[in-house]
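Student: below is the sequence, then the predicted model.
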Amino acid sequence: MQEAQTAGEPVIFGHAAQKAILKSACVSKARLVIVTMDDFEQSQIVIDAIKHFAPEVKILVRMQDDTHLEDLKQLGVTEVVPESLEASLMLVSHVLYMSGVPMRRIFKRVSKERQNRYEYLHGFFTGNSHELHEYGNSQSSFVSDRLEYLHAIALPEEAYAVNKTISELQLVRHKVVVKALRRDGTEISMPDEDIMLMASDVLLLKGKPRRVERAEQFILDGLP
């Protein structure tokens, strides 16, 4: 959450069932609300509060398992994602891959299982089937190395990137993308590469975890 705040995202702290918090979060205008509490009783309280403000909003709930699946559906939840089921699908995917089963067959089977279980969610693998087919032989990075995520980097005065343009950094070598630049409270989406970076700027990078980590070291310390 602290990193999201650094990147300029509107993060609100408080109990999600409190009317003031839900009002501040503009839940009445939301298209989707995600609830990630493990405790069913607490989740129920939050769901009831959300439904009071936004009766028609879609609600996605993450639970440890599907023990309370029907109860949550009765509360008006749109979809439930049980961690135990997803972990099992991930484990089966690893086993099949390490046993030599072609990637296309694994993707097709897991997608089918997930479609049968979920009405609205049809997969967590990134990329299309062609990309999956081209996936390398590394087993330890079966899924994590294919995921991309956002990472905010605040530039201190001594950062290597300060007083350099984005183009000078040649971040394309690290295979990451600068999605946004925050300066003095203003966000610039997909900033021009000729922009000179300044101390206290915040860069929002997108890329695979290892690549983003290496790019951050380069941006801050100049390490290749």
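Tutor: Sure, I can see it.

Student: give me the domain ranges for this protein.
Tutor: 2-77, 84-145, 148-221 (automatic domain parsing).

Student: mean neighbour count and mean pLDDT for the ones you listed - can I get that in a markdown table?
Tutor: C-beta: built from backbone N, CA, C; applies to glycine. Below are the domains of the chain laid out as a markdown table (neighbours: other C-beta atoms under 10 Å; pLDDT from 0 to 100):
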| stretch | mean neighbour count | mean pLDDT |
| --- | --- | --- |
| domain 2-77 | 15 | 88 |
| domain 84-145 | 13 | 61 |
| domain 148-221 | 16 | 92 |
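
Student: mind listing the helices for the protein?
Tutor: 2-6, 19-24, 40-53, 69-74, 83-98, 103-117, 129-133, 166-169, 209-221 (DSSP state H).

Student: nearest to residue 30, out of those?
Tutor: Closest to residue 30 of the helices of the chain is helix 40-53 (C-beta to C-beta; 8.5 Å).

Student: please save the CA atoms from the closest one in PDB.
Tutor: C-alpha atoms of helix 40-53 as PDB (Å, rounded to 0.1, in the frame of the first residue of the first chain):
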ATOM      1  CA  PHE A  40     -16.100 -15.300   6.500                       C
ATOM      2  CA  GLU A  41     -17.900 -13.400   9.300                       C
ATOM      3  CA  GLN A  42     -15.900 -10.300   8.600                       C
ATOM      4  CA  SER A  43     -16.400 -10.700   4.900                       C
ATOM      5  CA  GLN A  44     -20.100 -10.900   5.400                       C
ATOM      6  CA  ILE A  45     -20.200  -7.600   7.300                       C
ATOM      7  CA  VAL A  46     -18.200  -5.900   4.600                       C
ATOM      8  CA  ILE A  47     -20.300  -7.400   1.800                       C
ATOM      9  CA  ASP A  48     -23.600  -6.200   3.500                       C
ATOM     10  CA  ALA A  49     -22.100  -2.700   3.900                       C
ATOM     11  CA  ILE A  50     -21.100  -2.600   0.200                       C
ATOM     12  CA  LYS A  51     -24.500  -3.800  -0.900                       C
ATOM     13  CA  HIS A  52     -26.100  -1.100   1.100                       C
ATOM     14  CA  PHE A  53     -24.200   1.600  -0.800                       C
END
